[in-house]
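> predicted structure and sequence below. I'll ask about it afterward.
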Amino acid sequence: MTRRLILNGRIIDPANAIDRIGTVAIAHGRIVAVGDLPADFTADHTLDASGQIVCPGFIDLSARLREPGQTQKGSIQSETAAALAAGVTSLCLPPDTKPCIDSPAVVEYIKDKAERAGYPQLYPIGALTQRLDGSELSALFALKQAGCIAVSNASAPLASLLILRRAMEYAATHDLLVIHQANEASLSGKGCAHEGAVASRYGLPGIPEAAESIALTQALELAQLTGCRLHIGQISCWQSVIKLQQAKKYGLDVSADVAAHQLHLTEDDIVPFDSHYHVMPPLRSAADRQSLRDGLASGVIDAICSDHQPHDLDAKLGAFPETEPGIAALETLLPLTLAFAERQGIGLMQAIASLTCKPARILKLDAGTLSPGAVADLCIFDPGQTWRPDAAHWRSAGRNTPYWQQTLIGRVSHTLIGGEPLFALDGQDMTQP
Amino acid sequence: MTMDQHLQLTVDGRLKHFLTIEGLNAALLTQILDTAESFVGLSQNQVKKVPLLRGKTIVNLFFENSTRTRTTFELAATRLSADVLNINIATSASSKGESLLDTIRNLEAMHVDMFVVRHALSGAAHFIARQAAPHISVINAGDGQHAHPTQAMLDMFTIRQHKQRFEQLKVAIVGDILHSRVARSQILALNTLGAAEVRVVAPKTLLPADVEQMGVMPMHDLDQGLRDVDVVIMLRLQKERMNSAFLPSESEFFRCFGLTEARLQHAKADAIVMHPGPINRGVEIASAVADGPRSVVLQQVSNGIAVRMAVMSMTLQPGGAA
């Protein structure tokens, strides 16, 4: 079996509070040692990671791959390639594929496709209700057995709070994590932008922050009532941060993530009617953004996800309200996280934790760490390298990003899964015997 | 959002498209008004045509029904000697972006020079301007709840006819501000032209969030809102607003926000009353006021032709018209 050494990198392993220059030794797909080179270790392959960060591979809590059902937007093949280029070694796939992930057959199909695409650690999220219609529970136990890491109704609404309550109770019965996107549909209506000065000026139907925070508050109450493990996906406003802070203070088992673009973009950044800024939840105010940044820094928000949503060109061609929301975001996850850390003045250790050990803890996943014995999922990146998303450097099938051809800082050079190098930037070979 | 100067202006600052008032300065708005002024006399002539746009083809592309706006655009184009094509597309057939784009592409292939666009969605005119071939100009004839800039300019033209200058003016815009593209464009135009005070008078359900950031004073009492104003602009109240809890009833709206002769006494003695039409008599305005001596509603309509001639000639002749 292959024995590898990664030399001279700055190793950052938040799970073990390691931040030092040193060596990572890998054998049989697992971490053998971190820091000092074991005396008796001989390697088949070595890689010099001087000037680079060596850290656990990233765990993305929400990335749409568009397969099955919407392969004009992306495929498991194309989007897992984008994930590897982004340093993402494990990713959670929301259930709103077509057909949705409400049966073990769909789970099998997806896992099989992922296997064939050479991306083993793709974790489907099961549909909380059949057809995501919000009223009848899916066979959650069967979905768990088939390999679903959590259950969620994605952005589809539930018929009532009673359904959410029962779903949580039943999920808790089988120790399933419920991932909830907080949105009170009757308040968000046909909205396509943050309800505020910008939407008002441009005559765009608005979504008030209360549409999210009311739904979030309801979910928190029901998590307490049912004892269900709850994760809130992609929060966007300051009210949600406060509600989460209170819930955590009182000991509720709840976690939350934020999409990387919400840490940077606000309603004020929207180029008039440019559909690349059409996202859900919408880009909110500068005050909301600051609250999200502070929430991450303080730990109220646990993780950063990409909320990757690749689209075909047609989906974004039209008047703003009729275009489909979402950003192809896997490949900008690292640069946006680094830029957030820089702006917020938090260390790389904490920023990387929000992409590694913290999402692993939410998912109870044995990953996100460089502890000896752990599976060797690694990301090696140059924190100072500038690059631009363009046709030559982009792997996702979706080019729908407001960062297209913008200069970004931070680039993944190598991604390893189970000790195997599955991505090397510009074909940089790491096999130097 | 940043201003959209780059989209609707040429590099030397002339009008290429006319999509929104936003990003246009007072000099340019005044140029539109002055150009319109030069066309006003034309309709009294025996021959109502000038050859400015002879040989040009203008397409009225209406994805939303409108008789009056389309008619005045058609008359404006005809009086400029342009050829006009009217295309009314049922909203159901154009609900997808692709068909909107396909429509544009097909018409482009017929070598047209201008699209006059009305669409039910905010941003549709911007989208078409971005997608259209470089030689084509786009005029926004109303997009969703966003903008209706030619309506706003004909209103400014009418105000200038009566008040000459904008600097000292107090203006009250009354009614459904939330859903009104007309109000949004009027607010931008009035503020750009230097009006002293713009008030919006409406129940909270019909005011957009953070409306004061648009440079207006929100008010909820009509008598106070009308006090000492020079111009009263009443907006049309759509009947369907009663269905979704914006308002309890038309009669309650009229009781609170309907303009009557008695309430008009709060405004200045020489205040004018405007309405973009079509009027709901007895809902937002009493007939006695709509047909009364202070009403300039029909002047607005006839000024619409001159203003649209001005905008069409300026965008299709970037060297300057008239």
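Looks like it arrived, so ask away.
> just for the chain, where's the confidence low?
You didn't say which chain, so I picked chain A. A:1, A:427-433 (pLDDT under 70).
> actually, chain B is the one I wanted.
B:1-5, B:90-98, B:318-322.
> list the contacts for the closest residue in space to A:V279 that isn't next to it in sequence?
Using Cβ to Cβ, 6 or more residues apart in numbering or on different chains and skipping the chain neighbours, the partner closest in space to A:V279 is A:P325 (5.2 Å). Just so you know, the C-beta spots here come from the backbone N, C-alpha and C atoms, and that holds for glycine as well. Counting by Cβ atoms under 8 Å, 6 or more residues apart in numbering or on different chains, A:P325 touches A:192, A:278-280, A:309.
> A:E136: how many residues sit nearby?
By the measure other Cβ atoms under 10 Å in any protein chain shown, the count of residues near A:E136 is 11.
> what does A:A297 give?
A:A297 - counted by other Cβ under 10 Å - has 17 other residues nearby.
> test my guess that it contacts A:Q350.
Yes: contact criterion Cβ atoms under 8 Å: A:A297 and A:Q350 qualify, at 7.3 Å.
> sorry, back to before: tabulate the contacts of A:P325 (CSV), appending neighbour count and secondary structure.
Listed next are the contacts of A:P325 as CSV, based on neighbours: other Cβ atoms under 10 Å in any protein chain shown; DSSP: H, G, I helix; E, B strand; the rest coil:
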residue, neighbour count, secondary structure
A:C192, 25, coil
A:H278, 28, coil
A:V279, 25, coil
A:M280, 20, coil
A:Q309, 26, coil
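> need the residues you listed in JSON lines with distance to B:E250, can you?
As requested, the contacts of A:P325 are arranged in JSON lines below (distance: Cβ to Cβ, whole Å):
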{"residue": "A:C192", "distance to B:E250": "29"}
{"residue": "A:H278", "distance to B:E250": "35"}
{"residue": "A:V279", "distance to B:E250": "38"}
{"residue": "A:M280", "distance to B:E250": "35"}
{"residue": "A:Q309", "distance to B:E250": "43"}
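> chain B: which of these is nearest?
Distance to chain B, by Cβ to the nearest Cβ, is smallest for A:C192 among the contacts of A:P325, at 8.9 Å.
> which residues are in contact with that closest one?
Counted by Cβ under 8 Å, 6+ apart, A:C192 has contacts A:204-205, A:207, A:278, A:282, A:320-321, A:325.
> show me the chain divided up by domain.
In the absence of a named chain, chain A is used. A:3-55+A:374-427, A:57-363 (automatic domain parsing).
> try again with chain B
Taken from automatic domain parsing, chain B resolves into B:5-147+B:302-316, B:149-296.
> what would those look like in JSON lines with distance to A:Q239 and mean neighbour count?
Output for the domains of chain B, formatted as JSON lines (distance: least, Cβ to Cβ, whole Å; neighbours: other Cβ atoms under 10 Å in any protein chain shown):
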{"stretch": "domain B:5-147+B:302-316", "distance to A:Q239": "26", "mean neighbour count": "20"}
{"stretch": "domain B:149-296", "distance to A:Q239": "15", "mean neighbour count": "19"}
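> wait, which of those domains is closest to A:A392?
domain B:5-147+B:302-316 (24.6 Å; Cβ to Cβ).
> shouldn't B:V289 be within a strand?
No: secondary structure of B:V289 (DSSP: H, G, I helix; E, B strand; the rest coil): helix, not part of a strand.
> check contacts around the closest residue to it other than its chain neighbours.
Sequence neighbours aside, B:L259 is the residue nearest to B:V289 in space, at 5.3 Å (criterion: Cβ to Cβ, 6+ apart). By Cβ under 8 Å, 6+ apart, the contact set of B:L259 is B:174, B:222, B:232, B:234, B:273, B:284-286, B:289.
> the same query, at a cut-off of 6 Å, please.
By Cβ atoms under 6 Å, 6 or more residues apart in numbering or on different chains, B:L259 lies in contact with B:234, B:285, B:289.
> run through the bridge partners of it.
B:L259 forms beta bridges with B:I285, as assigned by DSSP bridges.
> for A:M280, phi and psi?
phi -140, psi 120 (degrees, to the nearest 10).
> residues touching it, list them.
A:P325.
> kindly report the same for B:H146.
Per Cβ under 6 Å, 6+ apart, neighbours of B:H146: A:202-203, B:122, B:181.
> which of the residues you listed fall within helices?
Among those, the members found in helices (DSSP state H) are A:202, B:181.
> return the member of the contacts of B:H146 nearest to A:I304.
So of the contacts of B:H146, ranked by how close each gets to A:I304 (Cβ to Cβ), first place is A:Y202, at 28.7 Å.
> just to revisit the earlier point, most packed of the domains of chain A?
Of all the domains of chain A, domain A:57-363 has the most neighbours on average by mean count of other Cβ atoms under 10 Å in any protein chain shown, namely a mean of 22.
> the stretch 1-150 of chain B: helices as residue ranges?
Along the stretch 1-150 of chain B, counting by DSSP state H, counting those that start in this stretch, helices occupy B:5-8, B:26-40, B:68-79, B:97-108, B:124-131, B:149-163.
> mind checking which of the ones you listed is nearest A:G373?
With Cβ to Cβ as the measure, helix B:97-108 is the member of the helices of the stretch 1-150 of chain B nearest A:G373 (52.4 Å).
> the closest one to helix B:124-131, inter-axis angle?
If you take axes from the mean of the first three to the mean of the last three Cα atoms, to 10 degrees, helix B:97-108 sits at 60 degrees to helix B:124-131.
> please consider this matter closed, and thank you.
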